[in-house]
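*Asks:* Need the 3D shape of this:
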Amino acid sequence: MPISPMNRREFVQKSAVTGAAVAVAGAAGAGTAEAAQPKPAGHGPAKCPKTWTFSVLGTTDLHSHVFDWDYYLDKAYSDTKGNSVGVARVATLIKQQREAKGEEHVLLVDAGDIIQGTSLAYYFARVQPITDKGAPKHPMAVAMNHMRYDAAALGNHEFNYGIEVLRKFESQCHFPLLGANALDAKTLKPAFPPYTVKRIRVPGAPDIKVGILGLTNPGIALWDKDNVSGKMVFPGLVEQAKKYVPRLRALGCDVVFLTDHSGLDGSSSYGDELPYVENASNLVAQQVPGIDAILVGHTHVEVPSYTVKNDETGEDVLLSEPYCWGYRLSVFDFELELVRGQWKVTKKTAQTLNPNTVDEDPEIRKLLEADHELVVKYVNTAVGTCTEDLSAAESCWKDVPIMDFIHQVQMDTVKAGLSTSDAALPLISVAAPFSRTADIPAGSVTIKDIAGLYIYDNTLYGKKLTGAQLKDYLEYAAKYYHQVPVGTAVDTATLTNANNFWDYMYDTAAGVEYEIDIAAADGSRIKNLAYKGTSVTDDQVFVVAVNNYRANGGSGYPHIAAADIAYSSTNEIRQLMIDYVTSKGSLNPADFAVTNWRLTQGGTAVFAD
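*Replies:* Sure thing, here's the model as predicted:
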């Protein structure tokens, strides 16, 4: 339930210069204004230097991790690799870089996915929305303003809470949110600034002009279709980079730096649902001449330094991805030489730094401690009880009650909203095991227990699939498992995530019974598919309760995106689960629909029921 906050935040005020830059950026199709920076003081003309260095520091996929804290477990973050999370620690690394290299030698950029991902993010989007009159600023705006970011690319998760929340966040930032391929659906002009140009002052020599181009992910058109359809369109990264990189060079930029919310392996999770590549940063580097370096995001991996040769020029493009959540900071170092009055890049390197050895920035702690404590209090709010401990530890290979909880809420909600004719159809549910560490304890159940199980801000659909389409759907899901021939021992440590199919992509189904034969080849693994004990026929029609991400084509499942809609809602599934426990008072696995799926190996059950 919502908690009334005591707002004790110290606000960071915009400078007049930043306000002017934002005003210029509002012009349709324009980049942001060149940043005004004061010239260094001196007592006479400086000798013209022939070389100069500067750095671009980069973060990505911060997902509203401010402090080194796990809101789902209500304790300091920890993992087996000793990582820390949060921009508060990263801010200390950034201070060290600025002190070592000089303030005028450092730019700071982000590659997107800023305002979604933690309970802190959810609180300021839904519980006490930043869009409410008199509401405080978004904590990420406060933190990033304090850290003096120069620019950030839009991530796909920026659109999860709707365009109004995103626009409000944008208005609170002292730096531009860039999206050269986020276009107004009617005018096809940029809906956000495509680029910004920063000047690095060099005493006694021309300024170094750094053009920063931001590109977001085309998958937004699918994943957040409900929020962007008819309002924005998202063409490919390569296509838009070909338009804007020459423009930045024509503006006299000595260095062109891209910040891409897109991975670097040329893959797409959505199959052929879109004509544009999801992870296209390598393709941009290869196919678009004139780029010096790219900060990569979206895929939550660490790539300290990666080089791609441009097809046209033969020049090397430098790429780096600093993992996610503030795990790492990318550092691009550039060396330049002044040649006939023009700065030329002579050397560039990249690396990632780990913030786990430094302390959090005390100023960020001071600015946002009250917000953090407010959210801690919220997530620890009790909503009911549970009759037994429900663990997700085995949810990726066993039918477990904690997953049945998700299915039950989805089916109950869709059932209540169906028309009379659709209510006569068999109703089933599909859902993914988002977190293997989720656990709802016996006894008191809090908001954080449920939020830790359902970590995404998905809404709910009911879509119609035939029996044949449902079998195809489940066959697609079954490619999640590595093939294990009969007679070979099954090791759960190596069983899952075949075909780069991650946990969030894998759906189980409730309301039908079926087996997944891991000894069989992909495409022929679903056995004995039945509804209430009777084999499912190809032409039988089902209503399938499914989240909006999957319903709109996320992860490339067959049939579901084009299927007829029987139900839709803007209510988030996580909140529906909280409401379910609140209304019943007690969570009892005996009340859940039994999923009845299991893994087999040539017809023999792999695990005991």
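*Asks:* give me the low-pLDDT residue ranges for the chain?
*Replies:* Scanning the chain for pLDDT under 70 picks out 1-46, 593-595, 609.
*Asks:* Try it again at 80.
*Replies:* Applying pLDDT under 80 to the chain picks out residues 1-47, 593-595, 609.
*Asks:* and the longest helix for it?
*Replies:* helix 362-379 (DSSP state H).
*Asks:* Give the pairing partners of the helix or strand following that one; include direction for each.
*Replies:* Downstream of helix 362-379, the first helix or strand assigned by DSSP states H and E is strand 382-386. Counting by DSSP bridges, the strands paired with strand 382-386 are strand 443-446 (antiparallel), strand 586-587 (parallel).
*Asks:* what comes up buried for the longest one?
*Replies:* Put plainly, it is strand 443-446. Along strand 443-446, these residues count as buried under the neighbour rule (16 or more other CB atoms under 10 Å): 445, 446. The C-beta positions use only the backbone N, C-alpha and C, and glycine is treated the same way.
*Asks:* Might one say that residue 304 is in contact with residue 351?
*Replies:* Yes - the pair residue 304 / residue 351 is scored as a contact, 5.2 Å apart, by CB atoms under 8 Å.
*Asks:* Neighbour count: these two, which is higher?
*Replies:* residue 304 (17 against 14; other CB atoms under 10 Å).
*Asks:* residue contacts, the closest residue to residue 441 other than its chain neighbours?
*Replies:* Closest residue to residue 441 apart from its sequence neighbours, by CB to CB, 6 or more residues apart in numbering: residue 389 at 5.5 Å. Neighbour list for residue 389: 439, 440, 441, 442 [criterion: CB atoms under 8 Å, 6 or more residues apart in numbering].
*Asks:* swap in residue 300?
*Replies:* Contacts of residue 300 (CB under 8 Å, 6+ apart): 61, 323, 324.
*Asks:* you'd agree residue 86 is up against residue 64?
*Replies:* No - counting by CB under 8 Å, residue 86 stays clear of residue 64, with 9.6 Å between them.
*Asks:* what's across from residue 107 in the sheet?
*Replies:* Beta-bridge partners, per DSSP bridges, of residue 107: residue 56.
*Asks:* Pretty sure residue 56 is one of the things it touches, is it not?
*Replies:* Yes - the pair residue 107 / residue 56 is scored as a contact, 4.8 Å apart, by CB under 8 Å.
*Asks:* what do those two both touch?
*Replies:* 210, 257.
*Asks:* quick one, which of these two is more surrounded?
*Replies:* Neighbour count, other CB under 10 Å: between residue 107 and residue 56, residue 56 has more, with 27 against 23.
*Asks:* if I read this right, that one contacts residue 322, doesn't it?
*Replies:* No - the criterion here is CB under 8 Å, and residue 56 misses it with residue 322 at 11.6 Å.
*Asks:* Overlap of the contact sets of the two?
*Replies:* Listed contacts common to residue 56 and residue 322 are residue 295; contacts here mean CB under 8 Å, 6+ apart.
*Asks:* circling back to that earlier point, turn the strands paired with strand 382-386 into CSV, columns for distance to residue 188.
*Replies:* Formatted as CSV, the strands paired with strand 382-386 follow (distance: least, CB to CB, whole Å):
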stretch, distance to residue 188
strand 443-446, 47
strand 586-587, 49
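*Asks:* what's the closest of these to residue 400?
*Replies:* strand 586-587 (13.9 Å; CB to CB).
*Asks:* which is the next helix or strand following that closest one?
*Replies:* Counting by DSSP H and E, what follows strand 586-587 is strand 597-601.
*Asks:* Ok, which of the strands paired with strand 382-386 comes nearest residue 426?
*Replies:* Taking CB to CB, strand 586-587 is the member of the strands paired with strand 382-386 nearest to residue 426, at 25.5 Å.
*Asks:* mind listing what residue 245 touches?
*Replies:* Applying CB under 8 Å, 6+ apart, the residues near residue 245 are 213, 256, 288, 289, 290, 291.
*Asks:* was I right about residue 606 contacting residue 519?
*Replies:* No - between residue 606 and residue 519 there is no contact under CB under 8 Å: 9.5 Å.
*Asks:* so what sits against both of these two?
*Replies:* With CB under 8 Å, 6+ apart as the test, residue 606 and residue 519 both reach residue 600.
*Asks:* What ranges does the stretch 201-350 of the chain have for its helices?
*Replies:* 220-223, 225-228, 237-250, 281-287 (DSSP state H, counting those that start in this stretch).
*Asks:* what's in contact with the second one?
*Replies:* Looking back up the chat, that one is helix 225-228. Helix 225-228 has contacts (CB under 8 Å, 6+ apart) with 159, 160, 162, 163, 220, 221, 234, 459, 548, 552, 568, 570.
*Asks:* Try it again at 6 Å.
*Replies:* 159, 162, 548, 552 (CB atoms under 6 Å, 6 or more residues apart in numbering).
*Asks:* Can you mark which positions in stretch 372-381 are buried?
*Replies:* Those would be 372, 374, 375, 378, 379, for stretch 372-381 by 16+ other CB under 10 Å.
*Asks:* still on that earlier bit, the longest helix of the chain packs against which elements?
*Replies:* helix 119-122, helix 139-147 (3 or more CB pairs under 6 Å, 6 or more residues apart in numbering; DSSP states H and E).
*Asks:* mind running it again at 10 Å?
*Replies:* strand 69-70, helix 87-101, helix 119-122, helix 139-147, helix 447-453 (3 or more CB pairs under 10 Å, 6 or more residues apart in numbering; DSSP states H and E).
*Asks:* so which of the ones you listed comes closest to residue 176?
*Replies:* The nearest among the helices and strands packed on helix 362-379, by CB to CB, is helix 139-147 at 11.8 Å.
*Asks:* I'd like to know how far the residue nearest to residue 213 when sequence neighbours are not counted sits from residue 249.
*Replies:* The spatially closest residue to residue 213, leaving aside those adjacent along the chain, is residue 195, at 4.5 Å (CB to CB, 6+ apart). For residue 195, the distance to residue 249 equals 11 Å [CB to CB, to the nearest Å].
*Asks:* Over to residue 435?
*Replies:* 45 Å.
*Asks:* Between the two, point out the one with more neighbours.
*Replies:* residue 435 (19 against 15).
*Asks:* What helix or strand is the more buried one located in?
*Replies:* Short version, using DSSP H and E: residue 435 is in no helix or strand.
*Asks:* ok, it to residue 446 distance?
*Replies:* Distance from residue 435 to residue 446, by CB to CB: 16 Å.
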